[in-house]
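*Asks:* got a sequence here, can you build the structure:
(2 chains)
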Amino acid sequence: ETGVTQSPTHLIKTRGQQVTLRCSSQSGHNTVSWYQQALGQGPQFIFQYYREEENGRGNFPPRFSGLQFPNYSSELNVNALELDDSALYLCASPKGYGSNQPQHFGDGTRLSIL
Amino acid sequence: LAKTTQPISMDSYEGQEVNITCSHNNIATNDYITWYQQFPSQGPRFIIQGYKTKVTNEVASLFIPADRKSSTLSLPRVSLSDTAVYYCLVGPSVSGAGSYQLTFGKGTKLSVIP
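*Replies:* Here you go, the predicted model:
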């Protein structure tokens, strides 16, 4: 039990559509990160939110956007879906405060694009 | 962030000790070494973290030589349930922008055989 919950667990969309994925952390940590994991690959960092503002981003286009709410739950939004967006999307929150903190990961949302 | 190299896959029989070695020649002074375990359709789970010498917890040991250019994750007496992908990560976790970005490679797929 990591205390990080993601919804939905599975989702099927078609090209060009938009999708919203959700994440909440029982710890109430003020930092949340999102990762994309393609089949057979390690997770790739999308971006991080700290106190409701984006403060770090990986190599992903602007159609990947996010929100963090005052209760520190978070959303990942992807517009104009492409076939390559099919992946497991993970959110993560640090176990504690300070540098080098390991991350709690949720079990992800499996997104399939048809 | 320092790059890591680890074997793509390993096989082991139940009850054996498994050692997975990761090389990280460009590790920086303030970098920690962290290992995660990931089962299919689940998020990565923190196993162990260390800076130097040896760290042991209830599930694994981590051996780090004096030059810190490699590390070895040791799993004692593996069982079928230890079949998973194991990721070695190196970094300070917190970048200059305060981002808890993790950089994953492809990991080592461990298969435990009955």
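*Asks:* now residue 89, nearest residue through space, not along the chain?
*Replies:* As the question left the chain open, I've gone with chain A. Setting aside the residues directly before and after it, A:Tyr89 is nearest to A:Thr109 in space (Cβ to Cβ, 6 or more residues apart in numbering or on different chains), at 4.9 Å. (Each C-beta comes from the backbone N, C-alpha and C, glycine too.)
*Asks:* chain B was what I was after
*Replies:* Using Cβ to Cβ, 6+ apart, the nearest residue to B:Leu89 is B:Thr34, at 4.8 Å.
*Asks:* coming back round to it: quick one: pLDDT of the residue nearest to A:Tyr89?
*Replies:* Looking at A:Thr109, its pLDDT reads 98.
*Asks:* same check, this time on B:Leu1
*Replies:* If you check B:Leu1, the pLDDT there is 56.
*Asks:* got it, and the one 4 residues further on?
*Replies:* Each residue has a pLDDT score; the one for B:Thr5 is 94.
*Asks:* how many neighbours does the closest residue to it other than its chain neighbours have?
*Replies:* Leaving aside its chain neighbours, B:Thr5 sits nearest to B:Ser23 (4.6 Å; criterion: Cβ to Cβ, 6+ apart). B:Ser23 has 16 neighbouring residues, counting by other Cβ atoms under 10 Å in any protein chain shown.
*Asks:* same question, the one 5 residues further on
*Replies:* Under the neighbour criterion other Cβ under 10 Å, B:Ala28 is assigned a count of 12.
*Asks:* any chance you could map the helices in chain B?
*Replies:* With DSSP state H as the criterion, chain B has no helices.
*Asks:* which residues in it form strands?
*Replies:* Under the criterion DSSP state E, strands of chain B are mapped to B:9-13, B:18-23, B:32-38, B:45-50, B:53-56, B:61-64, B:70-75, B:84-91, B:108-113.
*Asks:* who's in contact with B:Lys106?
*Replies:* B:Lys106 is in contact with A:40-42, B:8, counting by Cβ atoms under 8 Å, 6 or more residues apart in numbering or on different chains.
*Asks:* quick one: buried ones out of those residues?
*Replies:* A:Gly42 (16 or more other Cβ atoms under 10 Å in any protein chain shown).
*Asks:* out of the contacts of B:Lys106, who's nearest B:Gly43?
*Replies:* The shortest gap between B:Gly43 and any of the contacts of B:Lys106 belongs to A:Gly42, at 12.1 Å (Cβ to Cβ).
*Asks:* nearest spatial neighbour of the closest one, skipping sequence neighbours?
*Replies:* Once flanking residues are discounted, A:Gly42 sits nearest to B:Phe104: 3.1 Å by Cβ to Cβ, 6+ apart.
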